[in-house]
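>>> my questions are about this predicted structure, shown below with the sequence.
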Amino acid sequence: MNRKFNFSAGPATLPVSVLQQIQSELLDWRGSGMSVMEMSHRDKDFMSIAAEAEKDLRELLAVPANYKVLFMQGGAMGQFAAVPLNLLRGKGAADYVVTGSWSTKAVKEVARYGKGNVAAKPADGKFNHIPERSSWKLDPDAAYLYYCPNETIEGVEFNWTPDVGAVPLVADYSSSFLSRPIDVSRFGLIYAGAQKNAGPAGITMVIVREDLLGQALPVTPSVFDYKQMADNESMLNTPPCFAWYVCGLVFKWIKNEGGLAKIAERNQRKAELLYQTIDGSGGFYRNPVAKADRSRMNVVFTLANPELDAEFLKGASQANMPGLKGHRSVGGMRASIYNAMSEEGVQALAAYMKEFARTRG
């Protein structure tokens, strides 16, 4: 088997041991005589899969008892709508910190249901840094403060959690979920699409404080009403059962790898190696992001000579390293180095980058 080092931004690489377990259980899940894909979501076997996945996720993140864990559909973009539908709670507006493409989309979506105040955004319009906290214009009566801890496209990451007082803090953790420990108690709500660090596309995890439930706008679709989903254990309708099952296997894998503290250490080493390679290239490669705000998950870079882009990507693909082309909106390159990307894969990319710079520089 010739496994490639897949640097795609998502759907992204999964742990090989998880894929092997899926393969071994695909036709007959633990003597049930059927695949998880065929099970009723009300069947006791699937109910046990769902319960164990939630238990392991709670354990990994030390989720407090007064938070509900939901497994939903609609992806992060679905949550762009679900958050204001559930959390505006009769207030006039919510605050949004805009640091990249995804938070830009989120603040546009809230306008369908209320008002989204842009509380902070880079003054020069360039998404290559996080605005200083002292520059944020926050409304103490805002329904919530929304931000995206890691902007997948621009490679900008918060390496700190904002303190916004009593206003509920809401975070789109999609591309940095489970990449390091976080203090869930500091948030009113966090959510994450699975297809980066937690599993396959099709399922979204929502962790929401209980006191924020039960005040959804009347127009809220039932499947986006957090309270209805919580009251029905995320099974108001048929959930994405297979994706939920795979996420549960990934949660087990993270625990077996030493938990989030160990995962974070490895992710830091991977990111440091690539940034050292970029910074040490004598300008052949460039990363546009302020060093304090560089992402550990999505390392973006450009070549000083963009005429070499196609050749760089072709060579990387031939070396079994696909997925390095930057997002079409920004160009350049992007190496997504989520949890399941091995250190061996990052070392191979760094070696390729150095050799390419040596022969083309």
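Looks like it came in fine.
>>> same question for stretch 272-282, mean pLDDT?
Throughout stretch 272-282, pLDDT has a mean value of 98.
>>> list the buried residues in it.
When neighbours are counted by 16 or more other CB atoms under 10 Å, the buried residues of stretch 272-282 are found to be Leu273, Leu274, Tyr275, Thr277, Ile278, Ser281. Every C-beta, even on glycine, is put in place using the N, C-alpha and C of the backbone.
>>> could you do stretch 255-270 as well?
Leu260, Ile263, Ala264, Arg266, Asn267, Lys270.
>>> one more: stretch 141-156?
Taking 16+ other CB under 10 Å as the neighbour-count basis, stretch 141-156 is seen to contain the buried residues 142-156.
>>> flag the shaky bits of this protein, pLDDT-wise.
Flagging of the chain using pLDDT under 70 yields the residue ranges 1.
>>> can you show me the strands along it?
Remark: strands of the chain, listed N- to C-terminal, are 67-72, 93-97, 115-120, 145-147, 150-151, 156-157, 169-172, 189-193, 204-209, 285-286, 298-303, 333-336; assignment by DSSP state E.
>>> quick one: closest of these to Ile22.
Distances from Ile22 to each of those were compared using CB to CB; the shortest belongs to strand 67-72, at 17.7 Å.
>>> sorry, back to before: got the buried residues of stretch 272-282 as TSV, with distance to Phe177 columns?
What follows is the buried residues of stretch 272-282, written out as TSV (distance: CB to CB, whole Å):
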residue	distance to Phe177
Leu273	22
Leu274	20
Tyr275	22
Thr277	26
Ile278	25
Ser281	31
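>>> among those residues, which are in helices?
Leu273, Leu274, Tyr275, Thr277, Ile278 (DSSP state H).
>>> and these, which is closest to Ala351?
Checking those against Ala351 with CB to CB, the nearest one is Thr277 at 8.8 Å.
>>> ok, now which ones touch that closest one?
The neighbourhood of Thr277, defined by CB atoms under 8 Å, 6 or more residues apart in numbering, consists of Tyr285, Ala350, Met353, Lys354.
>>> now with 10 Å?
Residues in contact with Thr277 (CB atoms under 10 Å, 6 or more residues apart in numbering) are Phe284, Tyr285, Val299, Phe301, Val346, Leu349, Ala350, Ala351, Tyr352, Met353, Lys354, Ala357.
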